[in-house]
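Q: build me a model:
(2 chains)
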Amino acid sequence: MKQSKAQKVILIIIATLIAAVFIFPLLWMFFTSFKGMAESISSARLLPRNWTANNFIELFTVDTANAPIIRWLLNTAFISFGGTALVVITNTLAAYSIARLNLPAKRLFMFIIVASMTIPGIVIVFPRYFNFRDIGLLDTFAPLILPYAASTLGVFLIYSFLRNFPRDLEEAAYIDGANQLQILRHVIFPSIKPVIATLSVITFILIYNDFLWPLLVTNSAEMRTVTVGLANLVQGANFVNPGKMMASTLIATVPALVIFIFANRYFVKGVNSTGLK
Amino acid sequence: MKISKTVSTLMFLPFLLFFVLFWIIPFVYGIYVSFHNWTVSGGNNGFVGLDNYIRILTPGSMYHDSFMNALGNTLYFVGISLVPLVVFALLLALLIENIPGKLKVVFRTIFFISYAVSVTAVSAIFKWLFTGNGGYINNVLQTFGLDSIRWLNTQPYAWIAILAATVWWTIGYNMILFVNALDEVDESLYEAAALDGANAWQRFWNVTFPSIKGVFVFVVIITVIASFNLYGQTLLITEGGPARSTMSLTMIIQNTIFSQNNLGMGSAMAVLMGIIMVFITGIQYMIGFRKDENG
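A: Reported below is the predicted structural model:
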């Protein structure tokens, strides 16, 4: 569609105004984290009148007993990377097996996988909590990492991709004497890399930001993820100092934002092939 | 290619193990528990058949009242969030599509970035923006000589705060779905429409919309599902208030299980919520599909 210069300028102005509204909450979080308590409660200014790093200093010193935010970040990093690796490995192997290998009852398995995607997570999450409670694994890393590997999204994504992908190369490699694992590693893996990248980013952000599940299965301050730890600061008696709260929110949010900005393009490409929200 | 069943099964096994342990077993267990009088502290007190379901669905018990109240609240939120999250997302996508080159990527990233923020961070920010006493928006209102509003303690302001937080948090995702769909629309259709002298609205209605209708239906469906799962925002920003008016279904299920110590009843509520969601999704599929056939 052709547009005049004037039309383009108007569209860019509109987009800039909307972008300002979108960026505002993040800017407010950033600047408020550098305000003292009195100012952060009473001021209508976005920029601090008196810049202070006290909120951050307190978070890393006196607050670490109740709110060990560095520990939370390390937990979250461990869980997110571990969970993502587990999902990618199990889902790739499973999808490859269904799409290409001689798996018994593969149609039935695929039907169960697709059918399970229509069942809302709420039906699963509470009984799964009690399963973990009954075997005494609450407040450990096991429930924080392992259940994500039951995710069927990756199996579905990789299976759909492989189904429309030619087999010639694999057959050539097979005739050359390669076994299934070698074919997966040297032939399949290079061609499904974009799908894997998308799956990894989606899974990583999903685990990093998951709330209800890690809230249920963690009790002690040092086992919390950063998302759950922060929730305790938002509720009840802790809700007194916006400056301090925005400092902790900023620390919790920056790692995900950085990863997101770098991995954004995989996300953009892959999002349409998923039903994930 | 002759591939042994053993190798094939071995490769499928790790996933199958996790899927059975963390999906199939909880799924079956949840349904099983929902037919029992089961407490969190005391365990199974016997089979009660459909009793839990009947008590939730017939008037006269507190479980009925709390479930119906939460169902009403949740459906209300689904209703008010649908237009902003779907129509505004489409408008944003159309705006971005008409912006040239590199700026398009910049705006796309800005509109999408809040998706990487967790629900607790979103809630922390919006709770302090909207809080009645010392919140930023009221500070601004007062500077302009206006009365402050008790946003989180009165309706409809509490819903406005929840809606603002949710739209800011998730609209970018829907927008990306629409942007990708718009990228796929056949350019020659626009040229043909331009030759016919179609104006912008006619071009959208006759060319763009029919081409992206599948994605539109998909976005409506996933938005309804996401809004149905409302939890973090109302737990953290309004804490279910004022007067339980923002209590969502997930909150009431969690409450029934942990505060009322009634796992059987909570499980029945979760199963009912699941059935309602599958039912609503099914209807949307059917309506979307039928329209496709007529078009």
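Q: pick out the residue closest to the middle of chain B.
A: Most central in chain B under Cα atoms, centre = their mean is B:Ala226, positioned 1.4 Å from the mean C-alpha point.
Q: name the residues of stretch A:62-74 that are buried.
A: A:63, A:67-69, A:71-73 (16 or more other Cβ atoms under 10 Å in any protein chain shown). Using the backbone N, CA and C atoms, a C-beta is placed for each residue, glycine as well.
Q: okay if I get those as CSV plus pLDDT and secondary structure?
A: Output for these, formatted as CSV (pLDDT from 0 to 100; DSSP: H, G, I helix; E, B strand; the rest coil):
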residue, pLDDT, secondary structure
A:Asp63, 79, helix
A:Ala67, 82, coil
A:Pro68, 88, coil
A:Ile69, 88, helix
A:Arg71, 92, helix
A:Trp72, 93, helix
A:Leu73, 92, helix
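Q: hmm, back to that, quick one: the residue nearest to the centre of chain B from chain A, how far?
A: 4 Å (Cβ to the nearest Cβ, to the nearest Å).
Q: am I right that that residue is in a helix?
A: Yes: checked against DSSP: H, G, I helix; E, B strand; the rest coil, B:Ala226 lies within a helix.
Q: make sure it is actually in contact with B:Val167.
A: No: using Cβ atoms under 8 Å, B:Ala226 makes no contact with B:Val167, being 11.7 Å away.
Q: please work out the average pLDDT along stretch B:27-43.
A: Averaging the model's pLDDT scores along stretch B:27-43 yields 93.
Q: what lies in contact with it?
A: Among residues not part of stretch B:27-43, those counted as contacts by Cβ atoms under 8 Å, 6 or more residues apart in numbering or on different chains are A:116, A:119, A:123-124, A:126-127, A:130-131, B:44-53, B:257-258, B:261-264, B:267-268, B:270-271.
Q: try it again with 7 Å
A: Applying Cβ atoms under 7 Å, 6 or more residues apart in numbering or on different chains, the contact partners of stretch B:27-43 are A:119, A:123-124, A:126-127, A:131, B:44-49, B:52, B:257-258, B:261-264, B:267-268, B:270-271.
Q: is there a quick PyMOL command that grabs whichever of those are buried?
A: One line in PyMOL is enough to select the buried members of these, burial here meaning 16+ other Cβ under 10 Å:
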select buried, (chain A and resi 123+124+126+127+131) or (chain B and resi 48+52+257+262+263+264+267+268+270+271)
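Q: name the helix or strand for B:Trp168, please.
A: Secondary structure assigned from DSSP states H and E places B:Trp168 in helix B:157-183.
Q: helices or strands up against that helix?
A: If you count contacts as 3 or more Cβ pairs under 7 Å, 6 or more residues apart in numbering or on different chains; DSSP states H and E, helix B:157-183 packs onto helix B:62-83, helix B:89-97, helix B:101-112, helix B:119-130, helix B:209-228, helix B:232-233.
Q: recalculate using a threshold of 6 Å.
A: On a contact count with 3 or more Cβ pairs under 6 Å, 6 or more residues apart in numbering or on different chains; DSSP states H and E, helix B:157-183 meets helix B:89-97, helix B:101-112, helix B:119-130, helix B:209-228, helix B:232-233.
Q: is it possible to get TSV of the ones you listed that adds mean pLDDT?
A: TSV is the format used below for the helices and strands packed on helix B:157-183 (pLDDT from 0 to 100):
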stretch	mean pLDDT
helix B:89-97	93
helix B:101-112	88
helix B:119-130	93
helix B:209-228	90
helix B:232-233	92
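Q: any buried residues in stretch A:141-148, and which?
A: Buried positions in stretch A:141-148, judged by neighbour count with 16+ other Cβ under 10 Å: A:141, A:143-148.
Q: from the residues you listed, which land in strands?
A: If you go by DSSP state E, these have nothing in strands.
Q: wait, what's in contact with A:Pro120?
A: Contacts for A:Pro120 were tallied using Cβ atoms under 6 Å, 6 or more residues apart in numbering or on different chains; they are B:274, B:277.
Q: Three-state assignment for it, please.
A: Under three-state DSSP, A:Pro120 comes out as coil.
Q: so for it, what's the pLDDT?
A: At A:Pro120, pLDDT is 84.
Q: give me the nearest residue to the one residue sitting closest to the centre of chain A, chain neighbours excluded.
A: The centre of chain A sits closest to A:Ile205, judged by Cα atoms, centre = their mean, with a distance of 1.2 Å. Ranked by Cβ to Cβ, 6 or more residues apart in numbering or on different chains and with sequence neighbours excluded, the top spatial neighbour of A:Ile205 is B:Ala116, at 6.0 Å.
Q: dump the residue contacts of that neighbour.
A: Taking Cβ under 6 Å, 6+ apart as the test, what B:Ala116 contacts is A:205, A:256-257, A:260.
Q: please produce JSON lines containing these, extended by distance to B:Trp151 and secondary structure.
A: Formatted as JSON lines, these follow (distance: Cβ to Cβ, whole Å; DSSP: H, G, I helix; E, B strand; the rest coil):
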{"residue": "A:Ile205", "distance to B:Trp151": "29", "secondary structure": "helix"}
{"residue": "A:Ala256", "distance to B:Trp151": "27", "secondary structure": "helix"}
{"residue": "A:Leu257", "distance to B:Trp151": "26", "secondary structure": "helix"}
{"residue": "A:Phe260", "distance to B:Trp151": "29", "secondary structure": "helix"}
